[in-house]
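Enquirer: show me how the following folds:
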Amino acid sequence: MVQRSSIHARADLRAVLRDSPVTHRQRRASKTMTGKPAHVRDRDRACRLAPDDPAEALAIARKIEAPWYRAQALAYAARFAERHRVLAIAQEACAAADRGEDDYQRAAARAWPLCALIERGLEARAREELEVALELARRSSPIGSRAEALVLLMEASYALGRSVRLELVDEVASLDHSGAHWRVRRAHERALSLLAHDDLDEATRRAEVDDPARARRLRSAALERAREPRSLFW
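Expert: This next block holds a predicted model:
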């Protein structure tokens, strides 16, 4: 009995440590015989269908209960929907994100509809949604989650231009101080590496901080690890 309990405990720990924001209880409740959660399968199916059948993708997305995956699937449907339906579907995705369990989830899940709005040329509305997402991100805790949410939003909003990128780099940098959590430091380096993709001079300038060792690390992120924003859609 002790060995069986130990095995179960390790399995529970692995579930908690996965990247998904869905809780362990939600995951266990939605698993099928294949071991893959239903909300993940439905999200993936909606994403596959969206380019050829956005109406069916939308119908599937609306059946997903887990907010994170519902927001992603709805954002996919918005990318391929008829022009007059894009905004309404993106708003549905934002509403799904707003059902997240905490401010981090609510902010980060908005990255997908934000990206869809930009792709479909609705930049003015995307800027409005970015402001909402930023307010949520600023309230996120712990501070490592706050920094990571800001970087995700930087990637999603990258196409909105240099001023947006600089604002977000500065917000992440403001969290990185002596003794900052390693997730904050990593997020700051990622933000600079993103900025360096199109603005190397500015990224290296912003890497100059008072701590020499930290400055070297940030310069390395800008000079050696410059990268373009990852696509949020797969």
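
Enquirer: just for the protein, where's the confidence low?
Expert: Filtered on pLDDT under 70, the chain yields the residue ranges 1-34.

Enquirer: ranges for the helices of it?
Expert: Taking DSSP state H as the test, the helices found in the chain are 2-17, 24-30, 38-49, 54-61, 67-80, 86-97, 103-109, 111-119, 123-138, 143-156, 162-173, 182-198, 200-206, 212-224.

Enquirer: tell me the phi and psi of Asp52?
Expert: phi -100, psi -30 (degrees, to the nearest 10).

Enquirer: picking up where we left off before, among the helices of the chain, which comes closest to Trp234?
Expert: Closest to Trp234 of these, according to C-beta to C-beta: helix 38-49, at 7.2 Å. No exception for glycine: its C-beta is placed from N, CA and C like everyone else's.

Enquirer: buried set for the closest one?
Expert: Burial within helix 38-49, assessed by neighbour count using 16 or more other C-beta atoms under 10 Å, is assigned to Ala38, His39, Val40, Arg41, Asp42, Arg43, Asp44, Arg45, Ala46, Cys47, Leu49.

Enquirer: ramachandran angles for Leu232?
Expert: phi -80, psi -10.

Enquirer: returning to that earlier point: so which of the helices of the chain is the most surrounded?
Expert: Sort those by mean neighbour count, taking mean count of other C-beta atoms under 10 Å, and helix 67-80 sits at the top with a mean of 28.

Enquirer: hang on, the earlier thing: save the helices of the chain as a markdown table, and put in distance to Ser231 too.
Expert: Below are the helices of the chain laid out as a markdown table (distance: least, C-beta to C-beta, whole Å):
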| stretch | distance to Ser231 |
| --- | --- |
| helix 2-17 | 25 |
| helix 24-30 | 26 |
| helix 38-49 | 12 |
| helix 54-61 | 18 |
| helix 67-80 | 11 |
| helix 86-97 | 17 |
| helix 103-109 | 16 |
| helix 111-119 | 8 |
| helix 123-138 | 16 |
| helix 143-156 | 9 |
| helix 162-173 | 17 |
| helix 182-198 | 13 |
| helix 200-206 | 21 |
| helix 212-224 | 21 |
